[in-house]
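>>> next comes the sequence, and after it the predicted model I'd like to discuss.
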Amino acid sequence: MKRMILVMVTAIVLASGSAWAAEATATLDFNSAYVWRGITFNDGLVAQPSLDVSAGGFGINVWGNFDLDDYSDTLEKNEFSEVDLTLSYTFNVQNLEIGFGIIEYLFPAGGDGTRELFASIGVPIIGGLSAGWSFYYDVDEVESYYTEVSLAYAMALAAGLDLEVGGKAGYAGKDFAQAYSGAATDGGFYDYGLYMGLSYAVSDALSLGASVHYTNTLDKDVLPDADIANGIYGHDTEWIAGLTISYSF
């Protein structure tokens, strides 16, 4: 809790101090489910607010998951089940965008928090097509890794209206897979996902968006199907629809 308060205060100070030349964006997502790396944590409606502040390559993000529906009696609705705090630094080397940082996972409704270090590389290919790679290593509770590759294409459809489509595939270590699902027996190819999103700039500061995501498992020995009645998390929800409101200041 002390770490969460410290990061939130720092983000507010950076966002409000013009001397920092910081950029800040507040976002509110409403999604039909909460799926993280192919794992369903809630198959019902969730609200996910976030605050992102960046200055000079440094970034602070505070993100939360608020459950508007319960999930087979494993969590209560109308509570924050997760808050993530991310500190990052991003820089460019020619056409490569390189980033690294740390994510603190907190679970206010119950459960042990954990911590990941991460590194990422993004590269434009041609036109609106780009590729990315990210690597995460849990240095606290799990002590294992998850990595993913992604491909995205963005284009302008009209003035202020943009379309983005993309996909990703993930690979997980055995300890990571078994930590998040008691039915996992191995590490390997984990999950994959496809998405399509539209965003509309109402003004320079305000934008609205809508998206649809498809996610599934690549290997049921690594990411098994969920059996929530027996307390086993895993792949459960395939389709997720979302709406986004974003304001920059």
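Okay, I see it. Residues are numbered from 1 along each chain as shown.

>>> what residues are up against Ala21?
Ala21 makes contact with 55-56, according to Cβ atoms under 8 Å, 6 or more residues apart in numbering. Placement of C-beta: from N, CA and C, glycine included.

>>> in this structure, which residue is most central in space?
For the chain, Trp36 is the residue whose C-alpha lies nearest the centre (Cα atoms, centre = their mean; 7.0 Å).

>>> I'd like to know how far that one sits from Glu148.
Taking Cβ to Cβ, to the nearest Å as the measure, Trp36 and Glu148 are separated by 12 Å.

>>> what of Glu97?
To Glu148, Glu97 is 16 Å away according to Cβ to Cβ.

>>> those two: which has the busier surroundings?
Neighbours were counted for Glu97 and for Glu148 using other Cβ atoms under 10 Å; Glu148 has more, 20 against 15.

>>> nearest spatial neighbour of that one, skipping sequence neighbours?
Of all residues not flanking Glu148 in the chain, Gly170 sits nearest, at 4.1 Å (Cβ to Cβ, 6 or more residues apart in numbering).

>>> try Ser211
Distance criterion Cβ to Cβ, 6+ apart; nearest residue to Ser211, sequence neighbours excluded, is Gly197 at 3.7 Å.

>>> how many neighbours does that neighbour have?
Residues near Gly197, counting by other Cβ under 10 Å: 18.

>>> that one - that's part of a helix, no?
No. Gly197: not assigned to a helix; according to DSSP: H, G, I helix; E, B strand; the rest coil it is strand.

>>> contacts only, for it.
Applying Cβ under 8 Å, 6+ apart, we find Gly197 in contact with 163-165, 209-212.
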